[in-house]
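Asks: the amino acid sequence is not available; the structure is as follows:
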């Protein structure tokens with residue numbers, strides 16, 4: 001009998017509530033790659049600012065929560081946990097990584113990539129939340145990491161372009177990102193049936209039926225996930241207003 005997709009997930013089998021806090025992921029390959037990335041950043045980043053160094057520290061902390069902590073195992077059981085995982089990846093780790101890596105002399109070129117970066121990330125985000133693609137990611141470790149890398153890479157490119165773009169264009173991109181994510185969240189809330197087969201039998205031990213878990217995921221995507229985008233949009237607007245008044 002072939003193994004089910006859920007049993008083949010990179011993060012292991014679905015946890016039970018009582019053993020969740022023992023499910024830390026100490027995959028030596030992952031730990032080695034994180035250490036290598038951190039070492040490369042600090043070795044080649046001597047000319048970077050303190051702000052960039054702090055941002056990279058935030059990236060490493062976010063990645064430890066996403067991939068090392070028991071959140072990794074919980075995402076196998078709950079789709080709502082998977083959405084939290086993705087939000088941390090694209091709305092916390094990615095903007096911090098963009099700040100850490102962005103160089104002043106690259107801002108002009110990167111700002112011009114705002115529209116294609118927004119389109120690329122939006123397509124990538126929706127693709128990996130399509131039920132078939134999502135099931136494939138949970139059934140294959142290479143596809144799982146393809147999902148993670150493409151989400152992080154396209155989100156980092158988008159955030160870099162947002163940082164580099166003029167205020168008006170940046171705010172439009174941030175609002176569009178909020179709207180498209182909210183629309184996907186609304187689809188999950190109002191679908192009326194569970195869409196993600198890997199979670200049909202894994203949510204009940206956590207007190208949620210599959211539909212309630214999916215609706216919770218939609219609400220997370222609809223409201224809390226929007227806060228980083230709206231917060232940055234407000235920050236950019238508040239920075240722009242005094243300069244606009246001074247020019248006037």
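Replies: Looks like it came in fine. If you're wondering where the values come from, they're calculated on a predicted model, not measured in any experiment.

Asks: going by neighbour count, list what's buried in the lowest-mean-pLDDT helix or strand in the chain.
Replies: Confidence across the helices and strands of the chain bottoms out at helix 107-111, with a mean of 80, counting by mean pLDDT, DSSP states H and E. For helix 107-111, a neighbour-count test (16 or more other Cβ atoms under 10 Å) marks 110, 111 as buried. For the C-beta atoms, the positions are set from N, CA and C on the backbone; glycine is no exception.

Asks: check stretch 64-82 too.
Replies: Within stretch 64-82, the residues scored as buried using 16+ other Cβ under 10 Å are 65-68, 70-82.

Asks: how far out from the middle of the chain is that stretch?
Replies: Between the centre of stretch 64-82 and the centre of its host chain there is 12 Å, according to Cα atoms, centre = their mean, to the nearest Å.

Asks: repeat that for stretch 61-69.
Replies: Using Cα atoms, centre = their mean, we find the averaged C-alpha position of stretch 61-69 to lie 12 Å away from the chain's own average C-alpha position.

Asks: with stretch 21-35 instead?
Replies: Centroid separation for stretch 21-35 versus its chain: 19 Å, with Cα atoms, centre = their mean.

Asks: show me the contact partners of it.
Replies: Defining contact as Cβ atoms under 8 Å, 6 or more residues apart in numbering, one finds that stretch 21-35 is touched by 11-12, 15, 60, 63-64, 67-70, 72-74.

Asks: mind checking the pLDDT average for that stretch?
Replies: Per-residue pLDDT values across stretch 21-35 average out to 96.

Asks: before we move on, what about stretch 45-54?
Replies: Throughout stretch 45-54, pLDDT has a mean value of 84.

Asks: what separates it from the chain centre, distance-wise?
Replies: Taking the mean C-alpha point of stretch 45-54 and that of its whole chain, the gap between them comes to 23 Å (Cα atoms, centre = their mean).

Asks: wait, residue 52 sits on residue 97?
Replies: No: with contacts defined as Cβ atoms under 8 Å, residue 52 does not count as touching residue 97, sitting 10.2 Å away.

Asks: of the two, who's got more company?
Replies: More neighbours surround residue 97 than the other of residue 52 and residue 97, with 24 against 18 (other Cβ atoms under 10 Å).
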